[in-house]
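Novice: with the sequence up front, the predicted model follows.
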Amino acid sequence: MNKKNLILGYGQTGVSIAKYLHKQEIPFVVMETRKDLIDIKWLTDHGYEFSDVFDKDILDQISKVYVSPGIPTNNPVLMAAKVLNIEIETDIDIFLKLHSCTKILISGTNGKTTVTSMAYKLFTNYLGEKKVEALGNIGNPVLDSIDKEFEVALVEISSYQLELSSSISSDIAVLLNVTQDHLDRHSSFEEYKAIKNKVFNESKIVIKDDLSGLSTKKCLYFKEIFNEYINCFDDLHDEWPLHDIENIKATISMLLAYLVLKQEISFDDRSEWKYFIKNCLGILNSFQRLPHRYESLGLKDGITYINDSKATNVASTLKALDSVYDKYGEGRTILICGGDSKGQDFNELKAIQRNLLKKVYIFGIHKDLIASSIRNLTDVELVKDLEEAIKQIITYAVNGDVVILSPACSSVDMYKDYKERGEEFRRLIDSV
């Protein structure tokens, strides 16, 4: 019997895998239970089988499973395939194995997309646009670019992708930070951290945020290596939040690592570093920060509004509040937060600096859980939704206050995604 391949999951990545296998003339079937699927007609038009149930009984006809990042490890078909020793592969595995470019993997709990986007601007300025691709979790499946010729791939890679991939290797691996997140999928923070550290497997140069877990490989610690040149970053504080200044340092470290890899610059000879840093800062100065990430919506009646809807975990919100404190001082910040907790421990919110917050409005499915962790810090108001929060804030806030939506939670209890949540916030502020 001629066996087929199985694509498990048919979101954006699954579609990309299907079109790659089709081009290679490799037969496959698809399994996916979600209803809001794209490109189903493409499958049927090309004669491929599709099942809307996860049926492990089909595995005796399957030679290899291609798994999408949205499929959890406890999926019954995936678990059965592992027991049967059927080969399991991701699109990331295929790309890393087959493409000849310099591969830079970028991971971390927060800041991945921002850093990947910044790095694309920096690398294209250095190498030219046709020689660099920004791929992966940023929204461009890697297999869509498998046949293109380019010199550098900046691959944003999530914990879901790292968890499922079997063979991670790279020229440069970047881990921006690891804080609690996705604990509704991963069994513990320790497991999540171990999955994130897979990004360092078989990498030639490692870029990290701190000195913990020293590696025998060449390591760049982006919070430390620029200490001698810290004054180069002083002018950024007027325009950039603190956490994006960290992202800028990580981005410059990536280009530095690339030049070290290509032996165009010596890591040990730092005589030209100051010029190098200032040149990079000049390029990044025109970078347009991405929507919903500490996005200033401007002043209205003397009140500053900031859309940080992408802050879907506690650590991201804490960083945003540190940036608010750095620029605006204490006692002027009104925080809007809440949503789906994803299994997080909200006690970490107790790390918010005393006297920073003026008031907190909390909405969403886990608002009571959040409130219990933050009541001792400031005045707390539980509201039905974002619209009610804005209505109350309009009558409460005064000239000089700062209103920031930084939810510390997923949006899935009330919205399609963080973008929809951020767009509603923008709409509500526009109508003020």
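Specialist: Thanks, I have it. Numbering: from 1, shown residues only.

Novice: strands of the stretch 1-150 of the chain, start to end?
Specialist: 4-8, 28-31, 49-51, 62-67, 87-89, 102-107, 132-136 (DSSP state E, counting those that start in this stretch).

Novice: what do you get for the stretch 251-400 of the chain?
Specialist: The residue ranges that make up the strands of the stretch 251-400 of the chain, judged by DSSP E, counting those that start in this stretch, are 295-300, 303-307, 333-337, 357-362, 379-382.

Novice: any weak-confidence spans in the chain?
Specialist: For the chain, residues meeting the criterion pLDDT under 70 lie at 1, 213-216.

Novice: from Cys280, how far out is the closest residue to Leu318 other than its chain neighbours?
Specialist: Closest residue to Leu318 in three dimensions, ignoring its sequence neighbours and counting by CB to CB, 6 or more residues apart in numbering: Ala351, at 6.0 Å. Where you see a C-beta, it was placed from the backbone N, CA and C, and this is true even at glycine. In this view, Ala351 and Cys280 are 31 Å apart by CB to CB, to the nearest Å.

Novice: can you state the direction angle for the longest helix along the chain and strand 102-107?
Specialist: Longest helix in the chain by number of residues (criterion: DSSP state H): helix 242-261. Using axes from the mean of the first three to the mean of the last three CA atoms, to 10 degrees, the interaxial angle of helix 242-261 with respect to strand 102-107 works out to 160 degrees.

Novice: next, the buried residues of helix 242-261.
Specialist: Buried residues in helix 242-261, defined by neighbour count with 16 or more other CB atoms under 10 Å: 242-244, 246-258, 260-261.

Novice: I figured the residue nearest to Leu318 hits Ala315, correct?
Specialist: No. The pair formed by Ala351 and Ala315 falls short of the contact definition of CB atoms under 8 Å, at 9.5 Å.

Novice: between those two, who's got more neighbours?
Specialist: The residue with the greater number of neighbours, taking Ala351 and Ala315 and applying other CB atoms under 10 Å, is Ala315; the counts read 20 against 12.

Novice: got a list of what the more buried one touches?
Specialist: With contacts defined as CB atoms under 8 Å, 6 or more residues apart in numbering, Ala315 is in contact with Thr109, Asn110, Asn177, Thr179, Gln180, Asp181, Glu348.

Novice: just Ala408 next, same as before
Specialist: The contact partners of Ala408, by CB under 8 Å, 6+ apart, come to 311-314, 316-317, 337-339, 344, 346, 349, 370.

Novice: show me how to select, in ChimeraX, the buried members of those.
Specialist: Command for ChimeraX, covering only those of the contacts of Ala408 found buried under the criterion 16+ other CB under 10 Å:
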select :311,312,313,314,316,317,337,338,339,344,346,349,370
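
Novice: distance to Val132 added to the contacts of Ala408, as CSV?
Specialist: Below are the contacts of Ala408 laid out as CSV (distance: CB to CB, whole Å):
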residue, distance to Val132
Ala311, 28
Thr312, 28
Asn313, 29
Val314, 34
Ser316, 27
Thr317, 32
Cys337, 36
Gly338, 39
Gly339, 35
Gln344, 35
Phe346, 40
Leu349, 39
Ile370, 41
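
Novice: between the contacts of Ala408, which is closest to Thr44?
Specialist: For those, the minimum distance to Thr44 (CB to CB) is 35.5 Å, reached by Thr312.

Novice: quick check: closest non-adjacent residue to the closest one.
Specialist: In space, not counting the residues next to it along the chain, Thr312 is nearest to Ser410; the distance is 5.2 Å by CB to CB, 6+ apart.

Novice: check Asp301 too.
Specialist: Asn399 (7.1 Å).

Novice: run a quick neighbour tally on that neighbour.
Specialist: Taking other CB under 10 Å as the criterion, the count of residues near Asn399 is 8.

Novice: from Asn5, how far off is it?
Specialist: Using CB to CB, one gets 63 Å for the distance from Asn399 to Asn5.

Novice: Lys367 is in contact with Leu382, isn't it?
Specialist: Yes. Counting by CB under 8 Å, Leu382 is a contact partner of Lys367 at 5.3 Å.

Novice: more neighbours: those two, which one.
Specialist: When neighbours are counted by other CB under 10 Å, Lys367 comes out ahead of the other of Lys367 and Leu382, with 22 against 16.

Novice: what segments of the stretch 151-300 of the chain are helices?
Specialist: 159-164, 189-197, 242-261, 273-284 (DSSP state H, counting those that start in this stretch).

Novice: let me have the ones you listed in CSV, adding distance to Gly128 as columns.
Specialist: Output for the helices of the stretch 151-300 of the chain, formatted as CSV (distance: least, CB to CB, whole Å):
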stretch, distance to Gly128
helix 159-164, 28
helix 189-197, 32
helix 242-261, 14
helix 273-284, 13
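
Novice: which one of those helices lies closest to Ser63?
Specialist: Closest to Ser63 of these, according to CB to CB: helix 159-164, at 18.1 Å.

Novice: starting at the chain centroid, how far to the closest one?
Specialist: Centroid displacement of helix 159-164 relative to its chain, using CA atoms, centre = their mean, to the nearest Å, is 12 Å.

Novice: wait, doesn't Lys384 sit right on Tyr361?
Specialist: No. Taking contacts as CB under 8 Å, Lys384 lies outside contact range of Tyr361: 10.6 Å.
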